[in-house]
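Asker: Quick one, fold the following:
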Amino acid sequence: MTKKIKVKGNKGTRNVINGFVILTIVLSVLAASTATVSADGSPTIIAVLPVNESNLVPVTTTINVTFSEAMNEASVEGAFSITPNVVGSFSWAENNMTFTPEANLTYNRQYNLTIAATATNLTGTPLESAYNWGFHTKPSQIGPAITVTADPTSIVADGEANSTLTATALNSGAPITPSIGVIFRIISGPEGAVVIGEWESGGDQGSDTDAEGKANATLRAGTTNGTVVIEASFSGVSNTVTVYLYTLGEKHSLTISSTDGGNVTVPDEGTFTYNASDEVSISATPDAGWQFVNWTGDVDTIADPNANNTTITMNGDYAITANFERITYTLTMAVSGNGTVVPSADEHTYNASEGVSINATPDAGWQFVNWTGDVGTIVNANANETTITMNGNYTITANFEEIVYGVNLSVTPDVQTVAPDVNVTYTLTVKNTGNVNDMFNLVIDDVPENATATLSESVTPQLAPDGTYNVLLNVSSAIEAEYIVNVTATSQGNPSVSDNVTTKTNVTSVPVTVSIGSAECNVSDTVDVPINITGASNIGAMDINITYNASVLNATNVENGTLIDALGGNAIVAHNISVNGIATINISHATYPDTINGIGELFVVTFDAIGIGNSTLDINVTAWTGDEPPQPVAPITVDGYVNVTEGGGLPKDGDMDGDGSITFDDVILLSKHYYFGDTVYADPDVDSSGTVDFDDVILLAKYYYFGDTIYP
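Answerer: Reported below is the predicted structural model:
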């Protein structure tokens, strides 16, 4: 059967090609794959050559990629890959990249290419996703060929005539039969030029027409030593036409499946058809928490059945399975101390990422402390019931400690000396040092004859089991002697724990002593000085006079001390601070029988340090009893002092008299300070030497007269 096709005036010759195996059916030499611009503005690949699924690609081909915009060349070249690996070089022309192999590609080989999503444009925006495509190279033989040209008598001037062309040639190869099938390839011009028609023939006598109706060819079956007859017709051709004929080789099926825990990503899962001897890439990807095991089935031609990425050579029809298994880890449980754990103290196997509940239970008399070891994925290492996530092999230990029950009782102070009939107060501290969950009882025992010992009215003998408590114990006696009192704290529960302390009170006739404290400070500081009393017994009224150096100190205030505050509204206090440097403080009791007894703080006097020097605090006291009528008491007095040192808060401005300017009067005052200790109101160490001497006087004079630097 022939089909007439229009041919423009050229002479044709006819050739027959000895057939050989190829992989694919159709090759488009000039067309290019295209892509649309991405929705998010990412760069895209708009064309590639050879196009995806191309066949009969020349082994001398280069690989061209056209982008939608200018790209970061280094990022694209780094993202480019080809399998099997091909060594080559890159070149660029605006948005087009060309990869040129160093050597010819391999005949009859599938090549798969990828440009990963790491490729970016000039602003760093990556591709929206990776781009993948592939092609197959032509077989290694092209000829021999029979040239077919149009019959000159059928060609007219306008080139619209139709012609049937027939050629006969000797088939010197294997028999070509319709059952094997052939591929017709009809081109205009030399091999590699414009393809007029290319298709696989599977019909009777090997006859078919290309999909676009441009060409038709019929193959007449021949024998090994017989002839091959080609009848072909063409249209729209203005050049020499050549008909190439390829025989189709044997094909095989590859059926791919997988077990739970992953899937086959290359080529995919299902049944696929390949040419005989094709080397096919296969790749298996496990799910999270799973791992690849091996390939099973028809694995004799798999390069490495234990590798998830490998190849299989198609020498027959094969069925293979990718096998996966869960990743498992070992949890080793251990115990320190007395207790049990769940899971038990042993090795246990769990799936990767599995959350495992763990529990620690202490034995009687013991308590859980924490988990130690590989605790990085334990939710709460301090909780006896928690969870561990198995991201690896772990060993953990549940730690237990024995429960300790205890109580601690202490007293402050432990020894006091007072006059007869003076009530002495001790502070008891009760502390739960273990795990006592019951109340504590406080018991006072072994109270000597002629003494009394009681808890303060605000304290109950029963204390709660937790916390620290301050309990007041009062001891008094009218007889001069040594009195030792014992106090015991005992828990009520089981087990019962206790502790005890003793207090020692010396009752003796001791003189009443009133003292004023001492202090050290710098100029411009404020200092509080207490007035204390010891050995007080039935003191109902008191006059206190204090004198001090008014050039060094200035008394500004008097506050009641703790003893006076304890009398509340029964203490009538008046004080006066004179302007001539004498502070007078008066105290009297208008209500009896409240009196001052024992030891403690009477008053606190506040001073401002206004000059450099040491001021003695001279105290004089007159006191009376709380009797009716009052009886005089002659207390012992102890003086104090306040020592005000140089520097500190004094300004470093040379204004020794503090009048706001530096004159020769300041030089004179600094000299008097050096020789006689007169008060100054600026730092006298003018030369910053660390001591005050006559050099400071000289430097201040030079500053006044000549402007020399002071306080260098």
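Asker: average pLDDT for the lengthiest strand in the chain?
Answerer: The longest strand of the chain (DSSP state E) is strand 526-547. What strand 526-547 shows for mean pLDDT is 86.
Asker: How about stretch 455-472?
Answerer: 60.
Asker: Asn323 contacts Ser257, doesn't it?
Answerer: No - between Asn323 and Ser257 there is no contact under C-beta atoms under 8 Å: 10.0 Å. Using the backbone N, CA and C atoms, a C-beta is placed for each residue, glycine as well.
Asker: Those two: which has the busier surroundings?
Answerer: Asn323 (18 against 15; other C-beta atoms under 10 Å).
Asker: who's in contact with the more buried one?
Answerer: Ser258, Thr259, Phe292, Val293, Asn294, Trp295, Thr296 (C-beta atoms under 8 Å, 6 or more residues apart in numbering).
Asker: quick one: which of the residues you listed has the most company?
Answerer: Trp295 (24 neighbours).
Asker: quick one: pLDDT of it?
Answerer: Looking at Trp295, its pLDDT stands at 98.
Asker: My guess is it contacts Tyr318. True?
Answerer: No - using C-beta under 8 Å, Trp295 makes no contact with Tyr318, being 10.4 Å away.
Asker: in the sheet, who's paired with Val621?
Answerer: Ile544 (DSSP bridges).
Asker: you'd agree it is up against Asp543?
Answerer: Yes - between Val621 and Asp543 there is a contact at 7.0 Å, judged by C-beta under 8 Å.
Asker: Settle it for me: which of the two has more neighbours?
Answerer: Ranked by neighbour count (other C-beta under 10 Å), Val621 and Asp543 place Val621 first, with 23 against 14.
Asker: What confidence value was assigned to that one?
Answerer: Value for Val621, per-residue pLDDT: 90.
Asker: Over to Tyr675?
Answerer: Confidence score, pLDDT, at Tyr675: 75.
Asker: can you confirm it is in a helix?
Answerer: Yes - under DSSP: H, G, I helix; E, B strand; the rest coil, Tyr675 sits within a helix.
Asker: Tell me the helices and strands packed up against the longest strand of the chain.
Answerer: Under the contact criterion of 3 or more C-beta pairs under 8 Å, 6 or more residues apart in numbering; DSSP states H and E, strand 526-547 touches strand 513-516, strand 519-522, strand 582-589, strand 596-609, strand 613-625, strand 640-645.
Asker: Mind checking what secondary structure Leu670 has?
Answerer: Going by three-state DSSP: Leu670 is helix.
Asker: and it, how many neighbours?
Answerer: By other C-beta under 10 Å, neighbour count at Leu670 equals 26.
Asker: which ones are touching it?
Answerer: Contacts for Leu670 (C-beta under 8 Å, 6+ apart) come out as Met656, Val680, Pro684, Val686, Asp696, Val697, Leu700.
Asker: at 7 Å instead, please
Answerer: Leu670 makes contacts with Met656, Val680, Pro684, Asp696, Val697, Leu700, as judged by C-beta atoms under 7 Å, 6 or more residues apart in numbering.
Asker: I'd like to know how many residues surround the fifth one.
Answerer: Read it as Val697. Look at Val697: counted by other C-beta under 10 Å, it has 21 neighbours.
Asker: helices or strands up against the strand or helix carrying it?
Answerer: According to DSSP states H and E, Val697 maps onto helix 694-706. Packing contacts for helix 694-706, counted by 3 or more C-beta pairs under 7 Å, 6 or more residues apart in numbering; DSSP states H and E, involve helix 664-676.
Asker: Let me know the distance separating Val430 from Val404.
Answerer: Distance, Val430 to Val404, using C-beta to C-beta, to the nearest Å: 17 Å.
Asker: These two: which has the busier surroundings?
Answerer: Counted by other C-beta under 10 Å, Val430 and Val404 do not tie: Val430 has more neighbours, with 20 against 12.
Asker: hey, what's that one bridged with?
Answerer: Going by DSSP bridges, Val430 forms beta bridges with Leu409, Tyr469.
Asker: since we're on the residue lying closest to Thr313 once chain neighbours are set aside, how many residues are nearby?
Answerer: Among residues not flanking Thr313 along the chain, Thr301 sits closest, at 4.2 Å (C-beta to C-beta, 6 or more residues apart in numbering). If you count neighbours by other C-beta under 10 Å, Thr301 ends up with 16.
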